[in-house]
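Asker: Okay, predicted coordinates and the sequence, questions at the end:
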Amino acid sequence: MQQAIPYSNGRAWAPRRNGGGAVIGGRTAVEQVVVAARCATSGGEIRRVVEENPVVVVGRRGCCMVHVVRRLLLGQGVNPTVCEVGEDADEAALIAELPPSMAASGAAGSGGDVVGHLRRQGMVLPAVFIGGRLVGGLDRLMAVHISGELVPILKQAGALWL
Amino acid sequence: MSQGQAGASHVISSPNSMSSASAQFATSRRIGIYEPNRQISMWGDSFKADSSQNTGASTIVEADAKHDNRLGDIPLESPGPSKKYDQEANKPADKVLRRLAQNREAARKSRLRKKAYVQQLESSRLKLSQLEQELEHAKQQGVYVGGHLGDSSLGLSGTVNSGVAAFEMEYGHWVEEQNRQTGELRAALQAHVSDIELRMLVESGMSHYDNLFHIKAIAAKSDVFYLMSGMWKTPAERFFLWIGGFRPSELLKVLSPQLEPLTEQQVVAVCNLQQSSQQAEDALSQGMDKLQQTLAETLTSDPLGASGVATYMGQMANAMGKLEGLVNFVNQADHLRQQTLQQMYKILTTRQAARGLLVLGDYFQRLRALSSLWTARPHEPA
């Protein structure tokens, strides 16, 4: 299991109800977290990474949205494993190679075909996997975060604990 | 037709008329000239040289101007005048007839040309007044009117972007509708209407915000820098700009104090929402910083050009790809705004939501009013 990494944006935080991780005061100007990045060239490799890690972000190398996803998850107290695919990789094909159980949505209250939804969005990557299941793209992650469902999902996957 | 003949005979029977020859002359001139006499230069009419002949017969000219349409209908073999002419002088009869016919023809053509010209003027005038109205309208809304669109020296796109123009117009309508809805909400809350009616107003309000995000998404594809510049907003609104729009956490700060009384549960939910939106905003802001950083890195290289043209082109292509990422950022920021509004809608009761929408609408109205005041303030020119 991975340690929750402390994250601060320089603002005094009221402790969240789950109190995830110690909070250090002061702005972290430089990336203090070592990016646990893996390179993946096939759906099989992605699958392995997703199975082995509770929180995985799959994205293109050099994509700034991956950074956004990471920052959001770090803010919740988890350090996601980043799985980078080549810039010219066929993202839809990679996701399609995943087993259906992995591709089915694990988030509460959502319909079945997350992959279809991602494709319709036109932005398949970055994709977030929590607890071995595909949650969706950045859109979905934002929605889940705003509605307050993200933390329960993270806890359920064992990525966060009280 | 009879009036035409009467007009012609009027000249001839006048006791003070000239000799028969010149009477014919005057009549033939009159038929052709009374229209062009008014706007001679417009028609390029060859008769204008003879205008001096008309000074004596000016009353006749004006009186007969009314009959111009009918005279055009006179057939070539007009019996009345020609008969009288024949009686008075046989020799020039053919010439006179031909001359008369030519005059009539010329007059008719003249009238047709004038009609076409007037119609053209009318439609142009209509179009001009429509454009002026639209312009005035847009200015009143404080919407930035793109008079600069063709001017590349201002640093904006040199080509006229129809997507931008379309967005500006649609946004103008959007603001209009928002003002109307805000007024409606105010009246409804003051009149203490039922929850059912309020619910309808709230749902229109929510879908109206959806419309805004929809037109912004289309504009983002067209010109993302325009959207990010906030030039479509009024100055005071622009001061609060964050990735092409309002900052959700700021809006929540404006809203929360106005929504009391809230239940304990609601207070916690609003507080959490505030925190979540702040976190999401931070994540997006940091993503933007990263984008700036990578773009700058992509563009730096050996200025002595040792790397060659291919590398340069490669760099540019790379940088172009990065810039396209901006569209995603604007879309994600708008998505966040939408999610925040919808979450508030879930937390609040119908009545509270109505009040919330009113507070927001009123707040934006005040910001726009402030912008107008600021723009109109008396100040020393630089």
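Answerer: Cool, the structure landed.
Asker: for chain B, what are the nearby residues on chain A?
Answerer: A:9, A:16, A:62-65, A:67-69, A:71-72, A:75-76, A:123, A:138-139, A:142-143, A:145-148 (CB under 8 Å from any CB of the partner chain). For glycine as for every other residue, the C-beta is placed from the backbone atoms N, C-alpha and C.
Asker: State the distance from residue B:242 to chain A.
Answerer: Computed as CB to the nearest CB, to the nearest Å, the residue B:242 to chain A distance reads 14 Å.
Asker: ugh, wrong one, I meant residue B:291
Answerer: 4 Å.
Asker: Does that residue touch residue B:324 like I think?
Answerer: No. Residue B:291 lies out of contact with residue B:324 (CB atoms under 8 Å); the separation is 10.7 Å.
Asker: what's the neighbour count on residue B:261?
Answerer: The tally of other residues near residue B:261 (other CB atoms under 10 Å in any protein chain shown) stands at 7.
Asker: Can you report phi and psi for it?
Answerer: Main-chain torsions, residue B:261, degrees, to the nearest 10: phi -90, psi 140.
Asker: Can you give me the distance of it to chain A?
Answerer: 22 Å.
Asker: what about residue B:285, how many neighbours?
Answerer: A count of nearby residues for residue B:285, using other CB under 10 Å, gives 18.
Asker: State the pLDDT value of it.
Answerer: We have a pLDDT of 97 for residue B:285.
Asker: Quick check on residue B:291 and residue B:324: which one has the bigger neighbour count.
Answerer: Neighbours per residue (other CB under 10 Å) separate residue B:291 from residue B:324, with residue B:291 holding more: 21 against 10.
Asker: Not counting sequence-adjacent ones, nearest residue to that one?
Answerer: residue A:64 (4.4 Å; CB to CB, 6 or more residues apart in numbering or on different chains).
Asker: Ok, residue B:319 next?
Answerer: In space, residue B:319 comes closest to residue B:298 once its chain neighbours are excluded; the distance is 4.7 Å by CB to CB, 6+ apart.
Asker: Show me what secondary structure element comes after the lowest-mean-pLDDT helix or strand in chain A.
Answerer: Least confident element among the helices and strands of chain A, by mean pLDDT, DSSP states H and E: helix A:114-121 (a mean of 61). For helix A:114-121, the following helix or strand on the C-terminal side (DSSP states H and E) is strand A:127-130.
Asker: where does the stretch 1-150 of chain B dip in pLDDT?
Answerer: B:1-91, B:138-150 (pLDDT under 70).
Asker: switch the cut-off to 80
Answerer: B:1-92, B:136-150 (pLDDT under 80).
Asker: Please work out the average pLDDT along the helix or strand harbouring residue B:320.
Answerer: Assigned by DSSP H and E, residue B:320 falls within helix B:309-347. Confidence for helix B:309-347, expressed as mean pLDDT, is 91.
Asker: in what helix or strand does residue 134 lie?
Answerer: All of this is about chain A. strand A:133-136.
Asker: Hmm, no, I was thinking of chain B.
Answerer: Counting by DSSP H and E, residue B:134 is part of helix B:93-140.
Asker: Give the other helices and strands that that helix contacts.
Answerer: helix B:20-33, helix B:40-43, helix B:68-71, helix B:79-88, helix B:162-190 (3 or more CB pairs under 8 Å, 6 or more residues apart in numbering or on different chains; DSSP states H and E).
Asker: The same query, at a cut-off of 10 Å, please.
Answerer: For helix B:93-140, the contact count by 3 or more CB pairs under 10 Å, 6 or more residues apart in numbering or on different chains; DSSP states H and E identifies helix B:20-33, helix B:40-43, helix B:68-71, helix B:79-88, helix B:162-190, helix B:350-376 as packing neighbours.
Asker: rewinding a little: so the residue nearest to residue B:291 makes contact with residue B:298?
Answerer: No. The pair residue A:64 / residue B:298 is not scored as a contact, 11.9 Å apart, by CB atoms under 10 Å.
Asker: List the residues that are in contact with both of the two.
Answerer: residue B:322 (CB atoms under 10 Å, 6 or more residues apart in numbering or on different chains).
Asker: Of those two, which one has the most company?
Answerer: Shown here are residue A:64 and residue B:298; by other CB under 10 Å, residue A:64 has more neighbours (25 against 19).
Asker: okay, that one: pLDDT?
Answerer: 91.
Asker: now residue A:58
Answerer: For residue A:58, pLDDT reads 89.
Asker: Now do the helices in the stretch 201-350 of chain B.
Answerer: Counting by DSSP state H, counting those that start in this stretch, one finds helices in the stretch 201-350 of chain B at the ranges B:224-229, B:235-239, B:248-255, B:264-299, B:309-347, B:350-376.
Asker: of these, which approaches residue A:56 most closely?
Answerer: Residue A:56 sits nearest to helix B:264-299 of all the helices of the stretch 201-350 of chain B, at 17.3 Å, using CB to CB.
Asker: Which strands and helices lie in contact with that closest one?
Answerer: Using 3+ CB pairs under 10 Å, 6+ apart, the elements in contact with helix B:264-299 are helix A:64-76, helix A:138-146, helix A:150-156, helix B:248-255, helix B:309-347.
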